[in-house]
Every structure is written in structure tokens, then in C-alpha cells.
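# Prediction below, plus the sequence it came from.
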2 protein chains.
Amino acid sequence: MMIYLNDPLIRIGIVESDPVYLQALESMFSLSPEFELTGVWKDSGSAIREIPGTSPHVVLIDIHLPAVNGIDCIRQLRKIDPDIQFLVFTGCEQGVESVFDAFKAGATGYILKKDGAESLLRSVKELHAGGSPMSRSIARKIVDSLGRPATPGGKDHLLTKREEEVLTLLSEGKMYKEVAIRLGITMETAKKHVKHIYNKLEVQNKMEAVNKWRS
Amino acid sequence: MMIYLNDPLIRIGIVESDPVYLQALESMFSLSPEFELTGVWKDSGSAIREIPGTSPHVVLIDIHLPAVNGIDCIRQLRKIDPDIQFLVFTGCEQGVESVFDAFKAGATGYILKKDGAESLLRSVKELHAGGSPMSRSIARKIVDSLGRPATPGGKDHLLTKREEEVLTLLSEGKMYKEVAIRLGITMETAKKHVKHIYNKLEVQNKMEAVNKWRS
DNA sequence: TTCCTTATGCCCCATAAGGGGTATCCCCAG
DNA sequence: CTGGGGATACCCCTTATGGGGCATAAGGAA
């Protein structure tokens, strides 16, 4: 891993589907003299194609992206250019598994949108200096899970990737019908996934599932 | 407002209904040489009666108290002794309205339990020194709401006290039946409150309502 | 006073959600 | 090669939810 301590500018790329955040981030990094914005992308597809040509030091990436999620995007990009550092930047706090997935995929930082702008800038600098910035609550999730000896169920993943996708949509208030459309499956299959989720988490409804999952 | 920068000890009172937290706080402040614990109370009634006689500089108070909530307790105590500084200390982050209510009632600090012990001690000192310590996310809520020009609805309180109670229970995954039992009303009335909430927040289901409320 | 909001209660009705079963298909581990 | 988990799909059923109306009582504001 290269460390660019002496570089005059931190070259940064942004992958964010939310236009409001994207605009804010774009302004913020364009206006800061310590950064050079190499580009912004609204989806994983274009990000994977175009980012390698721009050689950023750091890529700030949301994991909630349409079609291909940010974690897969990181995985792809790491294969192409392993020198890029990825800072996951997400709006909602999800299960500890998502955090692990992100780090396994090659992310080296994981912060929450709610932490605010100063925190974000500090994190980007810290990441570029070789650190692993993460939000307090994320760090806590990790420490907590390390504290659990042998993982109660023996299982690494309580929920499957598909189940997490379903739960993410449910957590946004989507109905089964919408979940089905988003994932390109039938409503019955979406319901089936939800039933499995409830069994695994030992809950009876969406709200409890989301609460337990996020805890 | 008096500022006690030169006092040798910060006299502190605690109002907390959770016995576990109360024990922890009691130990913490008893053992710190910078503080003098003037007393602890488990409910608003006894706190309102007894706190004025103990002349604390700072009162650390949970807003989730049985019977009379912490905000009303602060309002009452301020009338009796306006020199007392109140630091709201709560477990769960609720809507921005609750935060405003606390400040309007006379609180001058608002922190979350999850911030931890060091943060709490620092906040008490900062409060005593004339500051307004608050958790980062609380500060953000306030800044965000100030950013919204003229408050879209013109209304100060979007949701009524009762509606917030209902929404709190819904956010815990309770069914209408359980909400009704908890609040001592019929299920139909609980449903009615929920309908009002949905109208006000312009949403169609529990999850969206909770998301919008918390944002 | 009158009007409005809040909180309460009850009715009807359509749809969403939750719980159970069964069955393919694919892929990976034993 | 065989079994199991994961993902897909369809069936049945009951209950919970969301949306509408109507009504009353209390309390505050115009």
C-alpha cells in the first residue's frame, strides 16, 4: 500500500447517487485547497469504468447505490487499482455484517453521513495518511462483535446478502411490492425473504427486524 | 445567570429512573474529586420537592421519567430556582421537537447516554463554566432545523405530545393493540393518532413515519 | 360566545403483512 | 454423487394496517 504523506494534494473521487449529497460533497472538495477532485459518479457501473483512469488517492463511496451496491463496486475497483483507498460514507447505520463486508471488500474507512462535514474532511486526510477512520458507533460495532467469543450461532453471516438487500429496502419504508420491483423478483419471493429474516432475527415485524439488525 | 468558574466543587444533582444508570452515575460523581453530589432522585415529583433545598449548580436529568417527564420537571424547577443549570441526559434520540422543548423548558445542555462517561464529565464541567454542551447529532438537528427557512408548516410543533408517544411505541415495533394498552386507550384511538401522524408527516406507513420523524 | 385543536371512541372496507406449505433450480461442500 | 443452503415462485390462510367517515368532550384562542 502506498502512502502519500508528502503529496501536495489529495486526489479524491466521489461515488454518490443522492444528488443533494453529491452536490454538497462536490462543492466541499472543490473548494478545499488541500484536495483535488478527480471526478464524481452517480452509479457503480460508470465508477468502475472511469475511476481507474483518473488515479485518485481516495474514493469516497456511498454503499447504497442503484443496481450494483458500493461494496461490490469497491471489490471491482480494488482488482483494477489496488492503490486506491476507499472511504465508505453511508447515511444509515446497518448491521455489523455490512461493515465487515465493506472492509473485506477493501474499504479502509467507514463513516456515517450524520457525522458531518468536518469529520468527513478529517477522515479523508486520516485515510490518506494511512489510517482507518471510522465513526465511533461503527468502531463500537466492531469491538462488540470481537468481544463476542465464537459468534453465538457459529455463523459468520446471520443474514444473506439478498436478505440484507430486502431489509435495507424495508428499512426505507418500502412495501413488498416495491421491494420486489427494485430487486427484480416477485412479491411472493420478497415475502419469502422477509419470513426468513424474521425467523433468523426472531422478530415478528419490519420495525423489530430493522431495530434488531441495526443494533 | 451565575457562573461558578472559581468554585472548588461542582455541586450536582441527578434525576434518573433507571436504577442501573443511577448507580453508575452516583458512583462516578461520588468518586470524582471535582464534584459534590447533592442527591439523586428517581422521579420528577420528589425531584421537584427536594432539589431546591439542596442548591445544586447542575442537575443531570433524564427526560424519560415515569409519570411527569423530565422536561416538565425542568420547567417546574426553573421557576423555583432559576440558577440551576440543567443537563438533559437521554438514552434515545428523538425528534428535533423534543430537543427544542428541552431547551425552551430551560435546559442548557443535551447529551446522549451513548456518548459515554468521559463525554458526560466534560459536558458537566462545560455546562458549569457557562457553555451549552450537546452531542454532535443533537447539534446537527438544531443546525439543520435552523437551516430550514420559516419552518415549512409555520407550526412550531408538528406532532402533539400524544402523537409523539404513539410514534415512540411504533418505533419500537409495537402493534396498535400494544400501543393502546401502554397508553390506556382503545386500539381505534391509537389508529386515529397514527392516521394524524401520517397526514402531518405526509407518509404512508410506520417505517416512513419513524424515519421522517427521526431525521 | 364561537371556532379550532386535541384526544377520545366506533364504524366500514380494501390492502398489506405475517405465517404456513410445496416446489423448482443452482451451486458448493462433503 | 448427494445433501443442503440460497434464491426463486406459487398456493393457502388469518391478522394488521391504512384510509375514510362520524361523533363527543375538553380546553384554548379568536
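Ah, there it is.

# What number of residues are in the vicinity of A:Pro82?
10 (other C-beta atoms under 10 Å in any protein chain shown). From N, CA and C alone the C-beta is placed, and that goes for glycine too.

# And it, how close does it get to A:His57?
As defined by C-beta to C-beta, to the nearest Å, A:Pro82 lies at a distance of 13 Å from A:His57.

# Repeat that for A:Leu183.
Counting by C-beta to C-beta, the separation of A:Leu183 from A:His57 is 34 Å.

# okay, the two: which has more neighbours?
For the pair A:Leu183 and A:His57, the greater number of neighbours falls to A:His57 (22 against 15), based on other C-beta under 10 Å.

# and the nearest residue to the more buried one once chain neighbours are set aside, how many neighbours does it have?
Excluding the flanking residues, the one nearest A:His57 by C-beta to C-beta, 6 or more residues apart in numbering or on different chains is A:Arg11, at 4.8 Å. Using other C-beta under 10 Å, A:Arg11 has 19 other residues around it.

# A:Arg11 is in what secondary structure piece?
strand A:10-15 (DSSP states H and E).

# do the same with A:Glu164
helix A:161-171.

# hey, C-alpha coordinates of whatever helix or strand comes next after that helix in PDB?
Next helix or strand after helix A:161-171 toward the C-terminus (DSSP H and E): helix A:176-183. Taking C-alpha atoms only, helix A:176-183 is exported to PDB below (Å, rounded to 0.1, in the frame of the first residue of the first chain):
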ATOM      1  CA  TYR A 176     -43.200  -5.800  -0.500                       C
ATOM      2  CA  LYS A 177     -44.400  -4.800  -4.000                       C
ATOM      3  CA  GLU A 178     -41.800  -2.100  -4.300                       C
ATOM      4  CA  VAL A 179     -39.000  -4.300  -2.800                       C
ATOM      5  CA  ALA A 180     -39.900  -6.900  -5.400                       C
ATOM      6  CA  ILE A 181     -39.700  -4.400  -8.300                       C
ATOM      7  CA  ARG A 182     -36.400  -3.000  -7.100                       C
ATOM      8  CA  LEU A 183     -34.800  -6.400  -6.800                       C
END
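
# same question for helix A:176-183, mean pLDDT?
Taken as a whole, helix A:176-183 has an average pLDDT of 88.

# who touches that helix?
A:162, A:165-166, A:169-170, A:174, A:186-187, A:189-191, A:194 (C-beta atoms under 8 Å, 6 or more residues apart in numbering or on different chains).

# buried set for that helix?
Within helix A:176-183, the residues that count as buried by 16 or more other C-beta atoms under 10 Å in any protein chain shown are A:176, A:179-180, A:182.

# Next SSE downstream of it?
With elements assigned by DSSP H and E, the helix or strand that comes after helix A:176-183 is helix A:187-201.

# What about contact with DNA strand C: does that following helix have any residue there?
Yes - using C-beta under 7 Å from any atom of the strand, we find that helix A:187-201 touches DNA strand C at A:191-192, A:194-195, A:198.

# between that helix and helix A:161-171, how big is the angle?
Angle between the axes of helix A:187-201 and helix A:161-171 is 100 degrees (criterion: axes from the mean of the first three to the mean of the last three C-alpha atoms, to 10 degrees).

# Give the other helices and strands that the helix or strand following helix A:187-201 contacts.
As assigned by DSSP H and E, the chain's next helix or strand after helix A:187-201 is helix A:206-214. For helix A:206-214, the packing partners by 3 or more C-beta pairs under 8 Å, 6 or more residues apart in numbering or on different chains; DSSP states H and E come out as helix A:161-171, helix A:187-201, helix B:161-171, helix B:206-214.

# so which of the contacts of helix A:176-183 also contact chain B?
Near chain B, taking C-beta under 8 Å from any C-beta of the partner chain as the test, the members of the contacts of helix A:176-183 found are A:Leu170.

# Going by distance to B:Leu65, which of the contacts of helix A:176-183 wins?
A:Leu170 (33.0 Å; C-beta to C-beta).

# How about the contacts made by the residue nearest to the closest one when sequence neighbours are not counted?
Spatial nearest neighbour of A:Leu170, chain neighbours left out: A:Lys206 (5.0 Å); criterion: C-beta to C-beta, 6+ apart. By C-beta under 8 Å, 6+ apart, the residues touching A:Lys206 are A:170-171, A:194, B:173, B:206-207.

# so can I have a markdown table of those residues showing distance to A:Arg214 and pLDDT?
Shown next, in a markdown table, are the contacts of A:Lys206 (distance: C-beta to C-beta, whole Å; pLDDT from 0 to 100):
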| residue | distance to A:Arg214 | pLDDT |
| --- | --- | --- |
| A:Leu170 | 12 | 89 |
| A:Ser171 | 8 | 88 |
| A:Val194 | 16 | 91 |
| B:Gly173 | 12 | 89 |
| B:Lys206 | 15 | 91 |
| B:Met207 | 12 | 91 |
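
# Drop anything exposed from those residues.
For those, buried by 16+ other C-beta under 10 Å: A:170-171, A:194, B:173, B:206-207.

# Adding distance to A:Gly91, write those residues out as CSV.
Listed next are the buried ones among the contacts of A:Lys206 as CSV, based on distance: C-beta to C-beta, whole Å:
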residue, distance to A:Gly91
A:Leu170, 16
A:Ser171, 11
A:Val194, 22
B:Gly173, 21
B:Lys206, 19
B:Met207, 15
